[in-house]
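**Student:** Quick one: sequence and predicted model below, then my questions.
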Amino acid sequence: MEPPYYAVIFSSQRTEGDQGYAAMADQMEALARQQPGFLGVVSARGPDGFGITVSYWTSEAAIAAWKAHVDHQAARKLGRERWYAHFDVRVARVERAYGRATAHSGSCPAHPVETSPIEIRIDRELTHPQVVALLHEHLAGMHAESPPESVHALDLDGLRRPDITFLTAWRRAPDACPGDDGELVAMGALKELEPTTASADGHGELKSMRTSARHLRQGAAQAILTELLKLARQRGYARVSLETGSTPAFEPAIAMYRRFGFVECGPFADYPEDPFSRFMTLPLNRA
């Protein structure tokens, strides 16, 4: 980017719990990237919940148009009501920009840069500490929103079953040291409910979709979902279904699934009717 351009600096302190924040953050970044005048975004959040996001725009008019977008207004309203203990917004004009583009020559970087590509990996062991930590984060979030009898998220043993394919999304700096796995940004799984045969259509189920709270606004959820649906098509499944929660915290995730073409449906497989569950399905074009 060549100056001049504009920067919107958003600093915030998160409240406790996810409450749908991760999915909405991914949704808003994807939407922002479609807006006229958008140049880019960088974001970071520490273990204490304090974070800074800087988005870059060509003009103040582009910033104003994004602020007025109806979906962005709805997300900001949820932020004030649910996700932020406090926040500040600053808008600045960037007159000069410079940096160092030489290769890294010191010790290994502490964190990969956000511009590093997302790498999708199949994980059959589920023993990496980052994977275990993200799964614990996921299970805690599910139990915070639904009673125990209505939580259908799988634990480590459940995800190691042979009918489950578990994917992880990682970012690794280009100059990372050998043996550096990078940082886990998201995960998701595909469960085979019915195999594809000559006489029967296959059916898959999405499980354990989660973006790390430390790595929001990077398109990781969409990357995982895209790969899982690609895998389902390769297996010849006729449809992919999912069960998710019904409380307001799940609305951002449901909105993402709808963007991919999922529609509401009734209970499938062994799921019972439950006021805390919502069911969705996606017919697949296998041609």
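**Tutor:** Nice, thanks for sending it over. Residues are numbered from 1 along each chain as shown.
**Student:** so A32 touches Y56, yeah?
**Tutor:** No: counting by CB atoms under 8 Å, Y56 is not a contact partner of A32; they are 10.4 Å apart. For the C-beta atoms, the positions are set from N, CA and C on the backbone; glycine is no exception.
**Student:** Quick check: neighbours shared by the two?
**Tutor:** Counting by CB atoms under 8 Å, 6 or more residues apart in numbering, the contacts common to A32 and Y56 are F38, V41.
**Student:** which residue packs closest to D18, ignoring adjacent ones?
**Tutor:** Computed as CB to CB, 6 or more residues apart in numbering, the closest residue to D18 that is not its neighbour in sequence is G141, at 4.5 Å.
**Student:** phi, psi of that neighbour?
**Tutor:** For G141, the backbone dihedrals are phi -70, psi -40 (criterion: degrees, to the nearest 10).
**Student:** was I right about it contacting Y21?
**Tutor:** No: under the criterion of CB under 8 Å, G141 makes no contact with Y21, lying 9.7 Å away.
**Student:** Now tell me what touches the helix or strand that Q130 is a member of from outside.
**Tutor:** Assigned by DSSP states H and E, Q130 falls within helix 129-145. Helix 129-145 is contacted by residues 17-19, 123, 126, 151, 153, 155-156, 159, 168, 181, 183-184, 187, 208, 210, 212-213, 245, 247, 249-250 when judged by CB under 8 Å, 6+ apart.
**Student:** Now do that helix: distance to the chain's middle.
**Tutor:** 14 Å (CA atoms, centre = their mean, to the nearest Å).
**Student:** Over to stretch 265-276?
**Tutor:** Distance, stretch centre to chain centre, for stretch 265-276: 24 Å (CA atoms, centre = their mean).
**Student:** what's around E29, how many residues?
**Tutor:** Counted with other CB atoms under 10 Å, the neighbours of E29 add up to 20.
**Student:** For it, which three-state class applies?
**Tutor:** helix (DSSP: H, G, I helix; E, B strand; the rest coil).
**Student:** so it touches Q218, yeah?
**Tutor:** Yes: using CB under 8 Å, E29 is in contact with Q218, at 7.4 Å.
**Student:** can you tell me which residue is nearest the centre of this protein?
**Tutor:** A221 (3.1 Å; CA atoms, centre = their mean).
**Student:** close enough to count as contact, that residue and M24?
**Tutor:** No: contact criterion CB under 8 Å: A221 and M24 do not qualify, at 10.5 Å.
**Student:** Now do the same for E2: helix, strand or coil?
**Tutor:** Assigned with three-state DSSP, E2 falls in the coil class.
**Student:** Name the nearest residue to it, ignoring sequence neighbours.
**Tutor:** Nearest non-adjacent residue to E2, counting by CB to CB, 6+ apart: A97, 7.9 Å away.
**Student:** circling back: could you tell me how many residues sit around the residue nearest to D18?
**Tutor:** 22.
**Student:** how close does it sit to W83?
**Tutor:** Distance, G141 to W83, using CB to CB, to the nearest Å: 13 Å.
**Student:** next one: V42
**Tutor:** 19 Å.
**Student:** Same drill for the two, tell me which one is more crowded.
**Tutor:** Higher neighbour count among V42 and W83: W83, with 21 against 15, using other CB under 10 Å.
**Student:** so that one touches Q19, yeah?
**Tutor:** Yes: if you go by CB under 8 Å, W83 and Q19 touch, sitting 6.5 Å apart.
**Student:** Now do the residue nearest to D18, the pLDDT please.
**Tutor:** According to the predicted model, the pLDDT of G141 comes to 86.
**Student:** and what of the one 5 residues further on?
**Tutor:** You'll see S146 listed with a pLDDT of 91.
**Student:** now swap in L31 and tell me
**Tutor:** 87.
**Student:** again with A64
**Tutor:** Reported pLDDT for A64: 92.
**Student:** got it, and L216?
**Tutor:** For L216, the model assigns a pLDDT of 67.
**Student:** in the stretch 51-200 of the chain, which spans are helices?
**Tutor:** Counting by DSSP state H, counting those that start in this stretch, the stretch 51-200 of the chain has helices at residues 60-68, 70-78, 129-145, 156-159.
**Student:** Where does the prediction get shaky in the stretch 151-287 of the chain?
**Tutor:** Low-confidence segments of the stretch 151-287 of the chain (pLDDT under 70): 175-176, 216-217, 286-287.
**Student:** separation between A62 and A30?
**Tutor:** Relative to A30, and taking CB to CB, A62 is found at 17 Å.
**Student:** what does R14 give?
**Tutor:** Distance of R14 to A30, computed by CB to CB: 20 Å.
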